[in-house]
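Chemist: A predicted structure for the sequence below; I have some questions about it.
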Amino acid sequence: KTPQLVSTAFALQAAAASARAEAERAQAARWPSLSLAANTGRTFFLEDERSPSTTYSVGVNVSVPLFDGGRLAALARAAERDAERLQAEAESQRSQVALAVTEAYHDVRHAQAQREGVTVQFDSASESAQAAEARYTAGVGSLLEWLTAQADLARARQAQAQADSDWLAAFSRLNHALGRLPAITPESTP
């Protein structure tokens with residue numbers, strides 16, 4: 001969704017620039033305009049005794065809008081309002097993109113913190129399972145204690161896998177929000 005928002009924001013920005021240019025054209029049409037035209041031509045005759053003739057012309061045209069009934073002013077105001085509306089929509093799209101990136105970043109940070117907490121839990125459960133197995137093997141601990149420690153270790157392993165999955169999903173959402181593909185190498189995978 002975010003790359004689409006970015007492209008929409010760019011399209012709205014371009015439309016706003018176009019509307020501003022249209023407003024400037026409409027405002028400029030209210031002022032007198034001056035145009036200069038120049039032309040040259042060469043005429044050849046089929047008869048051999050006449051020589052070709054060359055003509056030159058220069059013209060100046062002055063256009064003064066006297067009364068348009070407010071049409072040009074209304075066009076300029078409408079184009080300016082369109083430019084302002086499109087600019088506001090582009091700003092809104094940019095804000096949505098920034099919000100999506102910020103949320104995705106915080107999701108990654110939260111998932112990373114969860115991974116770190118689950119790693120501590122897994123290490124503790126692993127040590128507890130090893131101790132329970134050693135006690136059971138030595139005949140000091142009960143089978144129930146050892147099986148409970150093994151079940152705790154299995155739950156910790158499951159929580160670790162879930163935390164890794166959540167982190168990868170959050171990381172993917174962040175890269176999607178940034179509009180890029182992640183560069184994951186075998187060393188960077190969890």
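Modeler: That came through, no problem.
Chemist: Is residue 180 in a helix, a strand, or coil?
Modeler: Classification of residue 180 using DSSP: H, G, I helix; E, B strand; the rest coil returns coil.
Chemist: residues near it, how many?
Modeler: By other CB atoms under 10 Å, the residues close to residue 180 number 10. Quick note: C-beta positions are derived from backbone N, CA and C, even for glycine.
Chemist: Check residue 63 too.
Modeler: Neighbour tally, residue 63, other CB under 10 Å: 10.
Chemist: wait, it sits on residue 31?
Modeler: No - here residue 63 lies out of contact with residue 31, judged by CB atoms under 8 Å, at a distance of 9.7 Å.
Chemist: Name all residues that make contact with the residue lying closest to residue 166 once chain neighbours are set aside.
Modeler: Spatial nearest neighbour of residue 166, chain neighbours left out: residue 111 (4.8 Å); criterion: CB to CB, 6 or more residues apart in numbering. Residue 111 makes contacts with 163, 166-167, 169-171, as judged by CB atoms under 8 Å, 6 or more residues apart in numbering.
Chemist: Could you pull up the residues touching residue 167?
Modeler: 108, 111-112, 114-115, 190.
Chemist: And the pLDDT at the closest residue to residue 101 other than its chain neighbours?
Modeler: Of all residues not flanking residue 101 in the chain, residue 177 sits nearest, at 4.5 Å (CB to CB, 6+ apart). Confidence at residue 177, expressed as pLDDT, is 82.
Chemist: and what of residue 147?
Modeler: For residue 147, the pLDDT comes out at 92.
Chemist: low-confidence ranges in this structure?
Modeler: The chain contains residues with pLDDT under 70 at 1-7, 181-190.
Chemist: can you rerun that using 80?
Modeler: 1-13, 19, 22-23, 25-31, 44-50, 52, 64-73, 75-76, 179-190 (pLDDT under 80).
Chemist: returning to what we had before: which ones among the contacts of residue 167 map onto helices?
Modeler: 108, 111-112, 114-115 (DSSP state H).
Chemist: Dump these into JSON lines; add distance to residue 137 as well.
Modeler: Output for the ones in helices among the contacts of residue 167, formatted as JSON lines (distance: CB to CB, whole Å):
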{"residue": "108", "distance to residue 137": "43"}
{"residue": "111", "distance to residue 137": "38"}
{"residue": "112", "distance to residue 137": "37"}
{"residue": "114", "distance to residue 137": "34"}
{"residue": "115", "distance to residue 137": "32"}
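Chemist: Good, we can wrap up now.
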